[in-house]
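Q: Return atomic coordinates for the entry below.
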Amino acid sequence: MLCNSTSRLPKLNCWSFHGLRLFELGASIHGSHAYSTAATSFKVDANRRLGDLFRSGQVDEACKVFDKMPERDAFTWNTMVSGYANLGRLNEARGVFYETPTKSSITWNALISGFCKHGCESEALELFWQMRFDGFKPTDFTLGSVLGLCSKLGWLQLGKQLHSFVVKSGLDIDVSVVAGLVDMYAKCDCIDEAEYVFEAAPCKSSCILWTSMLTGYSSCGFGQRAMECLRFMLVEGINPNEFTFPVILTTCAAVLAMPFGRQVHGCTVKYGLVENVFVESALIDMYAKCRDLDSAVTVLENAQQADNAASWNSMIVGCAREGFHEKTLTLFKEMLTRKIRIDHHTYPSVMNCCASYIYIGSGNAESLHCLVIKTGFEDNNLVGNSLIDMYAKQHKIGYALKVFNAAPKKDVVSWTSLITGYMLNGMHGEALRLSAEMRTEGIIIRADEYLASSILSASAELTVCEFGKQVHSFSIKSGLGSSLSVNNSLINLYVRSGCIEDAKRLFDRMQVREVIAWTSLIVGYAQNGQGKYSIKVYEEMVASGVVPDSVTFVGLLFACSHAGLVQVGKSYFQAMFKVYGIKPGLEHFSCMIDLLARSGEMSDAEELLNLMPMNPGSNIWKSILAGCRVHHGNVCLAEKAARKLFELEPSNAVPYVSLANVYSAAGRWEDAGNIRRKMKLKLINKEPGYSWMEANGRVHTFTSEERNHAMTTEIYAKVDEIITLIKKAGYVPETSAALHDMDDEGKQRSLAHHSEKLAVAFGLLTSPLGAPLRIFKNIRVCVDCHVVMKYTSEVYHRHIILRDSNCFHHFRRGMCSCDDYW
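A: A predicted model of the protein is given here:
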């Protein structure tokens, strides 16, 4: 049975057996394929998820997804490197990069672009060279990043090397690379090379390439060529894009080419880009800079997105820049009413208006500060620096200092804002202390002409010439040697420190001399008792083609006043209006009356005073009173001037003291005593006279009869020695300078210990033999001290530079630069 039953089974041949095996193998392959497809799908989804998480800034979640991935391909690793790099987490990006099992040009590009994007220039460049060394060929993407780096930092030589590589690699047909080369050369101020690359491009049908060339012209200041470039671009049939129009509109704004800007406005309508946010902002900015506020407002009102922050910011910035402070504040209030998002571009312009606009109340600055905190911008550098500047200009330097100290990160602008704030509030010593602290902390990392000018101005105010010379040295090393503002500040420093020779040497080296430099030198010579040189400089100025302005004539009349050049001063006063059409202002009348009063022509001074079209200021009455005091006459006019000053400056002691001195010189001792008693009753204190000089890095101050100095004994002994020696040389005390009712011996004792005599004795004791002595005094030097300085310079063979409230006196070999006229 069994055999019979088995005989009924189907017979299996070899093909049937193999068919069964193939079936089993096919089932196995199908299962593997299904698994592989599922794994691949999971990996693709995970990679997509990684990219989304990095783009939304969810780094921790991205790391969790990465860690859970069973398999990672090249795309996974590149996504991780790129994600970290784009978010500025460069250490993590570098770590993942080195862990990547198989690197490609894409991996290198992701890391290099991240370092470029976040300002790590040297590291990016090092990675680029490492990429080349490891045998990876840079792509157009790599070259775009590194060329952008060259453009930003002005690395021309590296850019030229990259250009050579581009040509050798055949990448000069790539539009993005050629556009990068054009941009690099333009940003490095090589506009001719940029033009050459542009013209040599095999295909110029790309808007990107034309926009790069147009941008290059604009950034290099060739506004006309930029406008011509746009014309040629349109002729060639190249359609501009949303990046082209903002550039050309910015150019129109820079050169105030509003007619061309209106044509560009028409083109934006034609090409359907007028509603683009960036184009709208550029249009508003162009009209605002061209002072056509109505058109700017029209663009803003017709904007597709009426509440777009960028457009409103452009309007506010434009109004603030052009001085429309009230309109700026109105727009800002409307932004708040409409609940338009305020950002770090909005606040600085508004704060500048708060600092400048007189209408602003004292509490509005604090209110604006509160709004900054509420909107979360207190840690923004741009906003913080604007807060410092606003508080400083409102003379709230304490608040400015608090904002500065609370800033999490201080940049050059932060320090500069506080330094200039101290300057504005007359705190010149604090300004210099802060600048020294800034340098100690290594904050000055780049050339900044505004900062250098501010520090030099503070040095000039305090007449600390040695510190100023250090800043001068730093400015040269930093490439600011040709800066007009820095050079003008340096001339002012040297002039006010009595270093007129240094000022002249610097002036002669200046390649470009504007009217400010000429005027500073004219005033400088006058202040240093060399008025005739002031006239000579003025004549050279006119001969060179520089047209004098109203400030020049103030300096020129000041020079004539301090040199006693009455007729010359009168001729300049007339020529100012007849030749140059400059209407005399209050300062011109002040200088002219001072000139007449100093020369003793009091009747002419009074006549000009009565002819003035405006009310005389306090300086004019002080000149009249000083003229009466010096020339011992016209007591009635002195009394009139004093009464006017009592009204204009009731708490100022100068008119009281000057009138008392006029009475004393006229022998009216009782009237002089009455004036001094009136001062005491009104609690008006005379500013005490004091002198100071710098020695061994310290400033030493002296007052009359000073006995608190550590070297008092030696100083007084030296004064006695000086008096003894100069009497042998012919010195006779000018007892008329002692305006107190006492005998001659008492007057001589009083005169011998004036502050400048103590200072010169100290200088002779502490300075090297033959070194010049620089002494400063807060009030006018008296006649006797002036005589003593002349004799001392001759007996001790010293150059003594004494600056009083009027001018510098250079004493050499018994003579003074002022020719005894000050």
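Q: rest of the way, CA atoms for contacts and neighbours
A: Noted.
Q: Any stretches of this structure with poor pLDDT?
A: Low-confidence segments of the chain, defined by pLDDT under 70: 1-43, 304-306, 357-363, 442-447, 478, 632-633, 736-748, 750, 822.
Q: Quick one: the strands in it, in order.
A: 690-695, 698-703, 773-777, 800-803, 808-812, 815-816 (DSSP state E).
Q: Redo those strands as a markdown table? Include distance to residue 79.
A: Converted to a markdown table, these look like this (distance: least, Cα to Cα, whole Å):
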| stretch | distance to residue 79 |
| --- | --- |
| strand 690-695 | 64 |
| strand 698-703 | 62 |
| strand 773-777 | 69 |
| strand 800-803 | 70 |
| strand 808-812 | 71 |
| strand 815-816 | 79 |
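Q: Make CSV out of the ones you listed and add mean neighbour count and distance to residue 153.
A: CSV is the format used below for the strands of the chain (neighbours: other Cα atoms under 10 Å; distance: least, Cα to Cα, whole Å):
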stretch, mean neighbour count, distance to residue 153
strand 690-695, 20, 42
strand 698-703, 16, 42
strand 773-777, 22, 44
strand 800-803, 24, 46
strand 808-812, 25, 46
strand 815-816, 19, 53
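Q: for the ones you listed, which one sits closest to residue 576?
A: Checking the strands of the chain against residue 576 by Cα to Cα gives strand 808-812 as the closest, at 27.0 Å.
Q: and the closest one with strand 773-777, angle?
A: 150 degrees (axes from the mean of the first three to the mean of the last three Cα atoms, to 10 degrees).
Q: I would like the residues contacting strand 808-812, please.
A: 498, 527-529, 789-790, 793-794, 797-803, 816-818 (Cα atoms under 8 Å, 6 or more residues apart in numbering).
Q: Please repeat the previous calculation with a cut-off of 7 Å.
A: 498, 527-529, 789-790, 793-794, 798-803, 816-818 (Cα atoms under 7 Å, 6 or more residues apart in numbering).
Q: now swap in stretch 450-463 and tell me
A: 416, 420, 423, 428, 431-432, 465, 467-468, 471, 485-486, 489-490, 492-493, 496-497.
Q: try stretch 407-423
A: 379, 385, 388-389, 392-393, 397, 404, 428, 430-431, 434, 443-444, 451, 454, 458.
Q: So for the protein, the centremost residue is which one?
A: In the chain, the residue lying closest to the centroid (Cα atoms, centre = their mean) is residue 450, at 2.9 Å.
Q: State the distance from residue 268 to residue 278.
A: 11 Å (Cα to Cα, to the nearest Å).
Q: An error on my part: the question was meant for residue 561.
A: Taken as Cα to Cα, the span from residue 561 to residue 278 is 57 Å.
Q: who's more crowded, these two?
A: residue 561 (26 against 18; other Cα atoms under 10 Å).
Q: ok, the residue lying closest to that one once chain neighbours are set aside - contacts?
A: Once flanking residues are discounted, residue 561 sits nearest to residue 595: 4.0 Å by Cα to Cα, 6 or more residues apart in numbering. Residues in contact with residue 595 (Cα under 7 Å, 6+ apart) are 560, 561, 564, 566.
Q: Make a markdown table from the residues you listed and add distance to residue 208 to it.
A: Below are the contacts of residue 595 laid out as a markdown table (distance: Cα to Cα, whole Å):
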| residue | distance to residue 208 |
| --- | --- |
| 560 | 62 |
| 561 | 63 |
| 564 | 67 |
| 566 | 67 |
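Q: In helices only, show me the residues you listed.
A: 560, 561, 566 (DSSP state H).
Q: Going by distance to residue 720, which of the residues you listed wins?
A: residue 561 (36.0 Å).
Q: shouldn't that closest one be in contact with residue 594?
A: Yes: the pair residue 561 / residue 594 is scored as a contact, 6.4 Å apart, by Cα atoms under 7 Å.
Q: what's the burial count for residue 131?
A: Counted with other Cα under 10 Å, residue 131 comes out at 18.
Q: To clarify, my last question referred to residue 109.
A: 25.
Q: could you measure it against residue 653, distance?
A: Counting by Cα to Cα - residue 109 and residue 653 are separated by 74 Å.
Q: and if you look at residue 234?
A: Distance from residue 234 to residue 653, by Cα to Cα: 73 Å.
Q: what does residue 269 give?
A: With Cα to Cα as the criterion, residue 269 and residue 653 are 69 Å apart.
Q: What of residue 671?
A: From residue 671 to residue 653 the distance is 16 Å (Cα to Cα).
Q: Dump stretch 185-197 to CSV, keeping only the CA atoms.
A: Below are the C-alpha coordinates for stretch 185-197, written out as CSV (Å, rounded to 0.1, in the frame of the first residue of the first chain):
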residue,chain,number,x,y,z
TYR,A,185,37.6,94.6,-6.1
ALA,A,186,35.1,97.4,-5.5
LYS,A,187,35.1,97.0,-1.7
CYS,A,188,38.9,97.2,-1.9
ASP,A,189,38.6,100.5,-3.7
CYS,A,190,39.9,99.0,-7.0
ILE,A,191,37.0,100.1,-9.2
ASP,A,192,39.1,99.8,-12.4
GLU,A,193,39.9,96.1,-11.7
ALA,A,194,36.2,95.6,-10.9
GLU,A,195,35.2,97.1,-14.3
TYR,A,196,37.8,94.8,-16.0
VAL,A,197,36.4,91.7,-14.5
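Q: in it, what's buried?
A: For stretch 185-197, burial by neighbour count (16 or more other Cα atoms under 10 Å) applies to 185, 186, 187, 188, 189, 190, 191, 193, 194, 195, 197.
Q: out of these, who's nearest residue 222?
A: residue 191 (9.3 Å).
Q: and the residue lying closest to residue 155 once chain neighbours are set aside, what is it in contact with?
A: Excluding its sequence neighbours, the residue lying closest to residue 155 (Cα to Cα, 6+ apart) is residue 188, at 7.3 Å. Listed by Cα under 7 Å, 6+ apart, the contact set of residue 188 reads 151, 154, 156.
Q: Next: residue 138.
A: Applying Cα under 7 Å, 6+ apart, the residues contacting residue 138 are residue 105.
Q: do you know how far it is from residue 144?
A: Following Cα to Cα, the distance that separates residue 138 from residue 144 is 10 Å.
Q: Likewise for residue 712?
A: 72 Å.
Q: quick one: which of these two has more around it?
A: residue 144 (20 against 14).
Q: Wait, the more buried one touches residue 175, no?
A: No: taking contacts as Cα under 7 Å, residue 144 lies outside contact range of residue 175: 10.7 Å.
Q: my read: residue 564 touches residue 600, true?
A: No: look at residue 564 against residue 600 with Cα under 7 Å: they stay out of range, at 10.0 Å.
Q: So for the two, which residue has more residues nearby?
A: Between residue 564 and residue 600, counted using other Cα under 10 Å, the more crowded position is residue 564 (22 against 19).
Q: Against residue 183, how distant is the spatially closest residue to that one that is not a sequence neighbour?
A: Leaving aside its chain neighbours, residue 564 sits nearest to residue 599 (6.2 Å; criterion: Cα to Cα, 6+ apart). Counting by Cα to Cα, the separation of residue 599 from residue 183 is 64 Å.
Q: if you count what's nearby, which of these two comes out ahead?
A: residue 183 (30 against 21).
Q: Relative to residue 211, how far out is that one?
A: 10 Å.
Q: likewise residue 763?
A: Distance from residue 763 to residue 211, by Cα to Cα: 67 Å.
Q: how many other residues sit next to residue 799?
A: Neighbour number of residue 799 under other Cα under 10 Å is 21.
Q: who touches the closest residue to it other than its chain neighbours in this structure?
A: Counting by Cα to Cα, 6+ apart, residue 799 lies nearest to residue 772, which is 4.7 Å off, once chain neighbours are set aside. For residue 772, the contact set (Cα under 7 Å, 6+ apart) comprises 798, 799, 800.
Q: so the second one sits right up against residue 792, yeah?
A: No: taking Cα under 7 Å as the contact criterion, residue 799 and residue 792 are not neighbours in contact, 9.4 Å apart.
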